[in-house]
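>>> Got a predicted structure here, sequence first:
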Amino acid sequence: MIMIIIIDAFTAVLLASWNVLLESAPFVLLGFFVAGLLKAFLPDDFVARHLGGGSMASIFKAAAMGVPIPLCSCGVLPAAAGLKKQGAGNGAVTSFLISTPETGVDSVAVSWALLDPLMTVIRPVVAFFTAVAAGIAVSFTDRHFRSERPETAMAPAAEPQNACTSGCCCSHKEPEPEGLAPKFMNGMRFAFGDLLKDIGGWLFFGVLLAGVISVFLSPEIVSRYLSNEYLSMLLMLAISVPLYVCATASTPIAAALALKGISPGAALVFLLAGPATNAAAITVIAKLIGRRATVVYVAVIVAMSFLAGIAVNALYGALGIDITGWLAASAHEEGSLVAMLSAVALIVLVARAMMLPAKAHAH
């Protein structure tokens, strides 16, 4: 009897997870394709050349440039360390460290599939302003508390590889290929090889967790314990700040929580704070920009996420938008041939990426 209950629950979780994967797979593939184009035609040193020094403009540029780049909170560390080594200021590095993992072309595509157009726009916009606010705050702190210097003596491009434990921080620089076709193929190899290897496992974890939430978290529990908008946002912060979850993987989890009745503000808090922080990355960030600046970094993320959550709750309330239908809204597409082919292709590509040798792992 118990075995039958376990098998039924396991089957229900797999079916719920499969439905989430069907909804998201076409957009995930599109996001990785765009990521490949960015990698192919955006020179590796383009970002560094525009972020030198410690000016206010460099902070805004760093935030804007990080928005479309699809790197996780761990994968962004080698890139940020490279910026630091090439002369970028702490403010610009902080701004890049936040806007890059909080959003990207892949997570925007998945947000469009699983959430709604309004949240698809709000998410990168808030990520941009959070990055700018943190960059300015860190830059201000640097100017007024110069007694503490970040550990710039370390080899920035190499340290994150040793300090990060998630397996998505390794990096090595390869020569840029010449010609349109070689650049395109190099970008696609990066997107559907190295990047998919970084994010694919976490994406499937997020999809599976969304299935678990869909099956086991009842609307009654959410209504009883998470109906208070402030309490639910604080709970999301407590969960998401130390948790490692990339922007793409956090989306189905937020959609599943919304389906159970959590507020849009609490969902946004999870979408922002989760990808930008995790216990492993924070230790590396402390080495890059200093411990005091890291405290400012985390405090600004927490404050901006919380304030954005309050504003989003008010906005959705004023517009009368119900987010419990985020996943159900596109249920009619669940069985489409494109969705099923995309889901199968994504599984095959992730499995293939996971078998790539470690030396191909680069950003």
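It's in. It should be emphasised that the depicted structure is a prediction, and the values quoted were computed from it without experimental measurement. Residues are numbered from 1 along each chain as shown.
>>> Per-residue pLDDT of L337, please?
On the pLDDT scale, L337 is placed at 83.
>>> Check V47 too.
On the pLDDT scale, V47 gets 60.
>>> again, but for F129
F129 is given a pLDDT of 95.
>>> and the helix or strand containing it, what does it pack onto?
Under the criterion of DSSP states H and E, F129 resides in helix 117-144. For helix 117-144, the elements it packs on are helix 56-66, helix 90-102, helix 105-114, helix 264-276, helix 291-319, judged by 3 or more CB pairs under 8 Å, 6 or more residues apart in numbering; DSSP states H and E. The way it works is simple: take the backbone N, C-alpha and C, and place the C-beta from them, glycine included.
>>> Quick check: what element follows the longest one along the chain?
Remark: after helix 291-319, the chain's next helix or strand is helix 337-354, criterion DSSP H and E.
>>> Go ahead and name everything in contact with that following helix.
Contact partners of helix 337-354, identified using CB atoms under 8 Å, 6 or more residues apart in numbering, comprise 18, 21-23, 25-26, 28-29, 192-194, 196-197, 200-201, 203-204, 333.
>>> Only C-alpha atoms, please: export that helix in PDB.
Extracted in PDB, the C-alpha atoms of helix 337-354 (Å, rounded to 0.1, in the frame of the first residue of the first chain):
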ATOM      1  CA  LEU A 337       4.700  18.700 -31.500                       C
ATOM      2  CA  VAL A 338       7.100  21.600 -31.200                       C
ATOM      3  CA  ALA A 339       7.000  21.500 -27.400                       C
ATOM      4  CA  MET A 340       7.600  17.800 -27.300                       C
ATOM      5  CA  LEU A 341      10.400  17.900 -29.900                       C
ATOM      6  CA  SER A 342      12.000  20.800 -28.100                       C
ATOM      7  CA  ALA A 343      11.800  19.000 -24.700                       C
ATOM      8  CA  VAL A 344      13.400  15.900 -26.200                       C
ATOM      9  CA  ALA A 345      16.100  17.900 -28.000                       C
ATOM     10  CA  LEU A 346      16.900  19.800 -24.700                       C
ATOM     11  CA  ILE A 347      17.300  16.500 -22.800                       C
ATOM     12  CA  VAL A 348      19.600  15.100 -25.400                       C
ATOM     13  CA  LEU A 349      21.700  18.300 -25.600                       C
ATOM     14  CA  VAL A 350      22.000  18.600 -21.900                       C
ATOM     15  CA  ALA A 351      23.100  14.900 -21.700                       C
ATOM     16  CA  ARG A 352      25.600  15.500 -24.400                       C
ATOM     17  CA  ALA A 353      26.900  18.700 -22.800                       C
ATOM     18  CA  MET A 354      27.300  16.800 -19.500                       C
END
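>>> picking up where we left off before, most tightly surrounded among the helices and strands packed on helix 117-144?
With neighbours taken as mean count of other CB atoms under 10 Å, the helices and strands packed on helix 117-144 reach their highest mean count in helix 90-102, at a mean of 31.
>>> Report the inter-axis angle for it versus helix 117-144.
Counting by axes from the mean of the first three to the mean of the last three CA atoms, to 10 degrees, helix 90-102 points 160 degrees away from the direction of helix 117-144.
>>> I'd like to know the average pLDDT value across helix 90-102.
On average, helix 90-102 scores 88.
>>> do stretch 301-316 as well
On average, stretch 301-316 scores 94.
>>> Need the nearest residue in space to the residue at minimal distance from the centre of the chain, chain neighbours excluded.
In the chain, the centroid-proximal residue (CA atoms, centre = their mean) is A247; its distance is 2.1 Å. Leaving out its chain neighbours, the residue that sits closest to A247 by CB to CB, 6 or more residues apart in numbering is S107, at 3.7 Å.
>>> Verify the stated contact: the one you found with A254.
No. Using CB atoms under 8 Å as the test, S107 is too far from A254 to be in contact (10.7 Å).
>>> Just to check, P124 is in contact with A64?
No. P124 is not in contact with A64 according to CB under 8 Å; the separation is 10.2 Å.
>>> so what does the longest helix along the chain touch, helix or strand wise?
The residue-count maximum for a helix in the chain (DSSP state H) belongs to helix 2-41. Under the contact criterion of 3+ CB pairs under 8 Å, 6+ apart, helix 2-41 touches helix 105-114, helix 180-189, helix 196-216, helix 247-259, helix 337-354.
>>> Ranking those helices by mean neighbour count, which comes first?
helix 247-259 (a mean of 28).
>>> Now do that one and helix 264-276, the angle between them.
Relative orientation of helix 247-259 versus helix 264-276 (the same axes, to 10 degrees): 160 degrees.
>>> Pull the distance from helix 247-259 to the chain's centre.
In terms of CA atoms, centre = their mean, to the nearest Å, the centre of helix 247-259 is found 11 Å from the chain centre.
>>> and that helix, what other elements does it pack with?
helix 2-41, helix 105-114, helix 196-216, helix 264-276.
>>> pLDDT weak spots in the stretch 51-200 of the chain?
51-54, 72-75, 78-79, 82-83, 85-86, 146-176 (pLDDT under 70).
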